[in-house]
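Student: Generate a structure from the sequence data that follows.
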Amino acid sequence: MKSFSNKVAAVTGAGSGIGRALALNLAQQGCHLAIADVNAKGLEETRDLLAQYPVKVTTEILDVSDRAGVYAWADKIVADHGQVNLIFNNAGVALSGTVESLSLEDYQWIMDINFNGVLYGAKAFLPHLQRSGDGHIINISSIFGLASQPLMSGYNASKFAVRGLTESLRQDLEISGSCVSATCVHPGGIKTNIARTARTDASVTAITGNSQSEAAAEFEKLFITTPDKAAKVILTGVRKNSRRVLIGPDAKFFDLLVRMLPSTYQWIFTKAVQLQAKKGQRRAKNA
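Tutor: Okay, here's the model as predicted:
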């Protein structure tokens, strides 16, 4: 897909961050849009921003963990727009805590959104993309789908699962000679609100000495790439039909680190968190 002009793209998580930036960049290139988010206010704001472009925009309040809802949305898009060419499975959440402390319900929650939401999107849209004659599935993983981090097992698991699904999907599509392709995206630290809306278990505070708000603030210091830059890199990757897209110097560093030190990198990350925890504990003691 060399051009997005007069194509129809579906974007989940379009109420903020990368999803909103993708919608705006696609509209600038003449792409019609079906945008969805669980946050009605954010979705409305994105729609208002898109009003300046001469493209058709439809909106849907959608929880991507709702399988029936995702399938119904895909059918509705085709009814409203006549076709759909791209699905950006972007919606996601974050979760932190030790494996021992997190509940099975915590894991179910994040897998339902981060993995099942992507799976439902791929499955629901694939038949429609095939009928369009020119389709692409874009699944958002993470640098945490390249290298695991301490205290992030649920998020790591969901993003590794997205990576595995997308890489296999791409191969399936190629074997079958499909007109649809697939790309897996691994963003590094993007300046979004994901850290502030994350679920943080008390075990994180016990280990690091940081409250949930302090932990989010520390994490946000690592966010170095803007959503607009991320969107532009993703769309370039789609035009190039890239198998995977790394966003930001941190993503490229993680990728290189895992290639060079496939086991040792875990020790490095563990030590980094331990050092940060000591700082947090000293700060809490002196407060």
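Student: got a list of contacts for the one helix or strand A23 maps to?
Tutor: Secondary structure assigned from DSSP states H and E places A23 in helix 17-28. Contacts with helix 17-28, where a contact means CB atoms under 8 Å, 6 or more residues apart in numbering, come from 4, 9, 11-14, 33, 35, 37, 42, 45-46, 49-50, 53, 55, 57, 88, 90-91, 140, 187, 190, 192-194, 226-228, 230-232, 234-235. C-beta here means a position set from N, CA and C on the backbone, and glycine is covered the same way.
Student: just checking, which of those belong to strands?
Tutor: 9, 11, 33, 35, 37, 57, 88, 140, 187 (DSSP state E).
Student: where in the protein is pLDDT low?
Tutor: Scanning the chain for pLDDT under 70 picks out 195-196, 210-223, 280-281, 283-287.
Student: just the strands in it please.
Tutor: In the chain, the segments counted as strands under DSSP E are 8-11, 32-37, 57-61, 86-89, 95-96, 135-140, 180-187, 199-200, 244-247.
Student: would you list those strands in JSON lines and tack on distance to L165?
Tutor: Shown next, in JSON lines, are these (distance: least, CB to CB, whole Å):
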{"stretch": "strand 8-11", "distance to L165": "18"}
{"stretch": "strand 32-37", "distance to L165": "20"}
{"stretch": "strand 57-61", "distance to L165": "23"}
{"stretch": "strand 86-89", "distance to L165": "10"}
{"stretch": "strand 95-96", "distance to L165": "19"}
{"stretch": "strand 135-140", "distance to L165": "7"}
{"stretch": "strand 180-187", "distance to L165": "9"}
{"stretch": "strand 199-200", "distance to L165": "23"}
{"stretch": "strand 244-247", "distance to L165": "13"}
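Student: Including mean neighbour count and distance to I207, could those strands go into JSON lines?
Tutor: JSON lines is the format used below for the strands of the chain (neighbours: other CB atoms under 10 Å; distance: least, CB to CB, whole Å):
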{"stretch": "strand 8-11", "mean neighbour count": "28", "distance to I207": "36"}
{"stretch": "strand 32-37", "mean neighbour count": "26", "distance to I207": "33"}
{"stretch": "strand 57-61", "mean neighbour count": "17", "distance to I207": "37"}
{"stretch": "strand 86-89", "mean neighbour count": "28", "distance to I207": "32"}
{"stretch": "strand 95-96", "mean neighbour count": "24", "distance to I207": "10"}
{"stretch": "strand 135-140", "mean neighbour count": "26", "distance to I207": "28"}
{"stretch": "strand 180-187", "mean neighbour count": "25", "distance to I207": "26"}
{"stretch": "strand 199-200", "mean neighbour count": "19", "distance to I207": "11"}
{"stretch": "strand 244-247", "mean neighbour count": "22", "distance to I207": "29"}
